[in-house]
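**Student:** Here's my sequence, what's the structure:
(one chain, ligands or ions: 1)
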Amino acid sequence: MNTASVVDLYKEYILPTYIQTPLVLVKGKGARVWDIEGNEYLDFFPGWAVSGLGHCHPKVVKALKIQASKIMHVSNNYYNELQGQLAKRIVDSSFPGRVFFANSGAEANECAIKLARRYGNKDKRYEIITMTGSFHGRTMATIAATGQDKVKIGFEPLLEGFKHVPFNDFDALKNAVTEKTVAIMLEPIQGEGGINVADKDYLRKAKELCSSKDMLLIFDEVQTGMGRCGKLFAYQQLGMTPDVMTLAKSLGSGTPIGATVVSERIATTLPPSSHASTFGGSPLICSAALATFEAIEEEGLLENAVKMGEYIKKKVEKLKKKYPIIKSVKGIALMIGVELNIEGDEIYRECLKNKLLINCTQKNILRIMPPLTVKKKDINKALSVLEGVFSRVK
Ligand SMILES: *Cc1c(COP(=O)(O)O)cnc(C)c1O
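**Tutor:** Residues are numbered from 1 along each chain as shown. Just a heads-up that it's a prediction; the model follows:
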């Protein structure tokens with residue numbers, strides 16, 4: 001097959017729900033991918049932040065191969081040792097609590113939303129406050145939670161009980177709380193929203209507000225988690241621990257997984273039979289997630305994320321002095337947003353032509369999120385492509 005014939009298959013057989021770049025990827029290794037014609041690309045947005053260790057990390061590949069030949073799936077009416085081990089690993093590296101496993105970010109958030117509803121049920125509270133510009137997924141509950149109109153159009157009536165307030169605005173948050181409010185849900189760094197970092201002071205006040213009103217603080221760390229921000233979880237960088245944390249994207253290094261981490265105090269809110277997932281926490285997927293934790297620890301990837309993130313930022317700040325189309329540089333460690341004074345579509349396309357994959361969100365924010373394993377050499381190469389593109393669109 002070639003690019004055209006694969007695109008034709010999609011045209012005929014795949015629901016047209018995505019805006020797609022005509023690029024058929026067949027192979028990946030670290031920060032590199034290859035298309036079906038054999039062209040090599042530098043991937044600085046691997047799998048929409050899913051391949052946090054880069055493509056086909058050898059530890060993950062090995063773990064999957066071994067586990068696939070033992071047992072791939074065990075129903076949750078029985079036990080499997082890897083699910084227990086993975087939950088322990090997540091809890092040991094975050095906060096005392098317990099974990100529910102699902103298969104995606106939306107499902108991890110769905111569980112958090114159901115848990116909040118159940119928590120408030122005793123005193124008839126159900127309202128969840130979320131942020132403008134947030135993104136929490138594409139299921140009916142998570143589009144209601146998402147603070148962007150574009151995901152909701154045509155799907156009304158939406159699930160009730162969500163209220164959106166501006167991000168990083170504590171007064172707006174406080175004023176939105178009613179006797180019906182049971183939770184506040186936010187991304188510590190908004191991803192799709194354009195790499196907006198929560199202020200430490202804002203999070204501290206939000207936590208105090210939650211404590212004083214017996215509300216749950218839910219952090220959606222689907223994109224920020226697993227070392228992206230230089231600590232395993234972004235909340236550790238920002239100094240405020242949530243009651244509930246959701247994970248997905250890079251947790252399984254390319255295998256589908258979602259996790260809802262619930263602090264011990266409220267860990268029995270969802271009793272037996274109140275929530276379930278057929279595929280959630282299967283030994284195959286848990287083996288990949290366990291290998292991901294091991295790689296991050298054994299290879300010092302948190303340190304690398306901080307170092308390489310600073311290196312990229314310093315270089316982009318230099319470019320900013322030269323190219324006025326750069327407005328600002330945002331983010332923490334390897335979750336970087338380059339805010340432009342122009343729309344970024346053309347920049348994205350020009351980078352692609354020059355074999356560099358990045359992302360553009362909210363029309364003018366370039367998202368640069370290379371794997372945690374990234375090396376200076378690749379950063380230099382990527383930024384020289386970017387500079388070339390900047391110099392041409394000037
Ligand atoms: C991607 C994302 C989701 C949705 O995850 P899916 O796996 O696509 O369901 C939810 N929240 C955040 C912050 C995300 O970045």
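**Student:** C-alpha from now on. contacts and neighbour counts both.
**Tutor:** Fine.
**Student:** can you list the weak-confidence ranges in the stretch 251-394 of the chain?
**Tutor:** Within the stretch 251-394 of the chain, the segments meeting pLDDT under 70 span 394.
**Student:** Tell me which stretches of it form strands.
**Tutor:** Along the stretch 251-394 of the chain, the segments classed as strands by DSSP state E, counting those that start in this stretch run 258-263, 326-332, 335-340, 356-357, 359-361, 365-368.
**Student:** residues in contact with I128?
**Tutor:** Shown here is I128, whose contacts under the criterion Cα atoms under 8 Å, 6 or more residues apart in numbering are 116, 145, 161-163, 181-185.
**Student:** Buried ones among those residues?
**Tutor:** Under a neighbour-count criterion of 16 or more other Cα atoms under 10 Å, the subset of the contacts of I128 counted as buried comprises 116, 145, 161-163, 181-185.
**Student:** Those in helices, which ones?
**Tutor:** Judged by DSSP state H, those include 116, 145 as members of helices.
**Student:** which one of the buried ones among the contacts of I128 sits closest to N76?
**Tutor:** Distances from the buried ones among the contacts of I128 to N76 were compared by Cα to Cα; the smallest belongs to A116, at 22.6 Å.
**Student:** could you measure the closest one against G147, distance?
**Tutor:** Using Cα to Cα, to the nearest Å, A116 is found at 18 Å from G147.
**Student:** Could you do E297 as well?
**Tutor:** Where G147 is concerned, E297 sits at a distance of 35 Å (Cα to Cα).
**Student:** quick one: which of these two has more around it?
**Tutor:** In terms of neighbours (other Cα atoms under 10 Å), G147 is the more surrounded of E297 and G147; the figures are 25 against 14.
**Student:** which residue does the stretch 251-394 of the chain bring closest to the ligand?
**Tutor:** G258 (7.2 Å; Cα to the nearest ligand atom).
**Student:** For the protein, what lies in contact range of the ligand?
**Tutor:** Where proximity means Cα under 6 Å from any ligand atom, the interface of the chain facing the ligand comprises 104-106, 135-137, 187, 191, 220-223.
**Student:** Including neighbour count and pLDDT, could those go into TSV?
**Tutor:** Conversion of the residues of the chain next to the ligand to TSV gives the following (neighbours: other Cα atoms under 10 Å; pLDDT from 0 to 100):
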residue	neighbour count	pLDDT
S104	21	98
G105	26	98
A106	25	98
F135	24	98
H136	29	98
G137	21	98
E187	29	98
G191	25	97
D220	31	98
E221	30	98
V222	30	98
Q223	28	98
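**Student:** buried set for stretch 280-296?
**Tutor:** If you call a residue buried by 16+ other Cα under 10 Å, then stretch 280-296 has these buried ones: 280-293, 295-296.
**Student:** for the stretch 1-150 of the chain, what spans make up the helices?
**Tutor:** Listed in chain order, the helices found in the stretch 1-150 of the chain under DSSP state H, counting those that start in this stretch are 3-13, 58-68, 81-92, 105-120, 140-145.
**Student:** I'd like those as CSV, with distance to K205 appended.
**Tutor:** Formatted as CSV, the entries for the helices of the stretch 1-150 of the chain read as follows, by distance: least, Cα to Cα, whole Å:
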stretch, distance to K205
helix 3-13, 48
helix 58-68, 39
helix 81-92, 24
helix 105-120, 20
helix 140-145, 21
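**Student:** Compare those helices and give me the one nearest I336.
**Tutor:** If you check each of the helices of the stretch 1-150 of the chain against I336 by Cα to Cα, helix 105-120 wins as the nearest, at 20.4 Å.
**Student:** Count the residues that sit near S274.
**Tutor:** S274 has 10 neighbouring residues, counting by other Cα under 10 Å.
**Student:** Please report how far the nearest residue in space to A291 that is not next to it in sequence lies from the ligand.
**Tutor:** Among residues not flanking A291 along the chain, V60 sits closest, at 5.3 Å (Cα to Cα, 6 or more residues apart in numbering). Distance, V60 to the ligand, using Cα to the nearest ligand atom, to the nearest Å: 19 Å.
**Student:** V182 now?
**Tutor:** In this structure, V182 and the ligand are separated by 20 Å, where distance is defined by Cα to the nearest ligand atom.
**Student:** which residues touch whatever residue of the stretch 151-300 of the chain ends up closest to the ligand?
**Tutor:** Closest contact between the stretch 151-300 of the chain and the ligand, by Cα to the nearest ligand atom, is at Q223 (4.3 Å). Under the criterion of Cα under 8 Å, 6+ apart, the neighbours of Q223 are 49, 191, 247-250.
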